[in-house]
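[1] sequence first, predicted coordinates after that:
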Amino acid sequence: MIEETIISRAIIESYLNELLESIESDVIIGGAGPSGLCAGYYLAKKGYRVVIFERALKLGGGMPGGGIMFNRIVVQEGAREMFDEFNIRNHEYEPGYFVANSLEATAALTDKALKAGARIFNLITIEDVIIRENRVSGVVINWSSVEIAKLHIDPISFSSKVVVDATGHQSEIVHIVEKKSGGKLLTPSGRVEGEKSMHADVAEQFTVENTKEAYPNLFVCGMASNAVFGGPRMGPIFGGMLLSGKKVAELVMKKL
Ligand code: 48H
């Protein structure tokens, strides 16, 4: 006989235990798009306590949508080893251009990050940060449904040694810090420089080069790097996102 109350208890207890264990961690990553998942995987694999908060119901950010809803992505020469690392099947379309199914890529990144030990909480939005002595030391979260319904309900806080903004084009966490720190970011102007128009070749390099600390203890990766440091966009080529996730993991490990 199946008892409904046991199902309820199993879900509530299991989820709350994991949430409680996540109140203090090494790294909080905002956003479970390709760069955030990739960063989470590399950090968790090395034994760091990683917590990822994702606003949406489903993971993958812009990846499952491929290019204009055609569920395919491309990576360039130099990023193909990332496909190998995550066991994402692909083929060389033209020399140097590797194409893969974006749903398989999303599933593979998610599976690897979770199995490496990253704790992923979907349906949760980071709406603020904790700053102590001019350093980011955690995030403030609420249910995404509270945000969507515009309910006046206070959030709760989670602390970590480092925070990674992997929230994509909006670079939401850095924007919060910019607003509340009065423009003291580690960017040329001290503010968010803003994303520029499409230029895939430049953009892919820019993403990786500008994967770095944007405020003490707050790193950016993926599309947030371009938005914060003023680089162009690149369309549905994802090598830069994956390499950026890997790079931010390495930088965070050095910092910790
Ligand atoms: C919790 C949040 C919050 C928040 C947002 O957009 P993403 O896929 O991000 P990246 O940088 O890993 O990948 C970018 C890529 O998908 C892309 O858009 C490309 C390559 N564009 C090129 C172009 O020219 O357009 O994922 C970010 C994730 C999303 O799932 C959001 O829901 C989530 O972050 N998110 N989660 N708290 N405040 N803000």
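    Structure's in. What do you need? Numbers count the residues shown, from 1 in each chain.

[2] check which helix or strand the residue positioned nearest the centre of the chain maps to.
    The chain has Gly36 as the residue nearest its centroid, 2.4 Å off, counting by Cα atoms, centre = their mean. Here Gly36 is covered by helix 34-45, with elements defined by DSSP states H and E.

[3] now for that helix, which elements pack on it?
    With contacts defined as 3 or more Cβ pairs under 8 Å, 6 or more residues apart in numbering; DSSP states H and E, helix 34-45 has these neighbours: strand 24-30, strand 50-54, helix 102-116, helix 239-255. (Each C-beta comes from the backbone N, C-alpha and C, glycine too.)

[4] just name the most buried of the ones you listed.
    Stretch with highest mean neighbour count among the helices and strands packed on helix 34-45: strand 50-54 (a mean of 27; mean count of other Cβ atoms under 10 Å).

[5] and that strand, C-alpha only, in PDB?
    Extracted C-alpha coordinates of strand 50-54, given in PDB (Å, rounded to 0.1, in the frame of the first residue of the first chain):
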ATOM      1  CA  VAL A  50      28.700  24.600  -4.100                       C
ATOM      2  CA  VAL A  51      25.200  26.000  -4.100                       C
ATOM      3  CA  ILE A  52      23.500  27.100  -7.200                       C
ATOM      4  CA  PHE A  53      20.300  29.200  -7.100                       C
ATOM      5  CA  GLU A  54      18.200  29.300 -10.300                       C
END
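
[6] could you dump the helices and strands packed on helix 34-45 to CSV with mean pLDDT and distance to the ligand?
    Listed next are these as CSV, based on pLDDT from 0 to 100; distance: least, Cβ to the nearest ligand atom, whole Å:
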stretch, mean pLDDT, distance to the ligand
strand 24-30, 98, 5
strand 50-54, 99, 5
helix 102-116, 98, 10
helix 239-255, 98, 5
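
[7] can you tell me the closest non-neighbouring residue to Ile173?
    Leaving out its chain neighbours, the residue that sits closest to Ile173 by Cβ to Cβ, 6 or more residues apart in numbering is Asp165, at 3.9 Å.

[8] can you pull the contacts of Arg135?
    With contact taken as Cβ atoms under 8 Å, 6 or more residues apart in numbering, Arg135 is in contact with 216-217.

[9] separation between it and Gly60?
    Arg135 is 31 Å from Gly60, where distance means Cβ to Cβ, to the nearest Å.

[10] run through the residues of the stretch 1-150 of the chain sitting next to the ligand.
    30-36, 53-56, 61-63, 125-126 (Cβ under 6 Å from any ligand atom).

[11] which one of those sits in the busiest neighbourhood?
    Ser35 (36 neighbours; other Cβ atoms under 10 Å).

[12] what's the closest non-adjacent residue to it?
    Once flanking residues are discounted, Ser35 sits nearest to Gly222: 2.8 Å by Cβ to Cβ, 6+ apart.

[13] what about stretch 21-39, how long is it end to end?
    One end of stretch 21-39 sits 20 Å from the other (Cα to Cα, to the nearest Å).

[14] Glu4: how many residues sit nearby?
    A count of nearby residues for Glu4, using other Cβ under 10 Å, gives 7.
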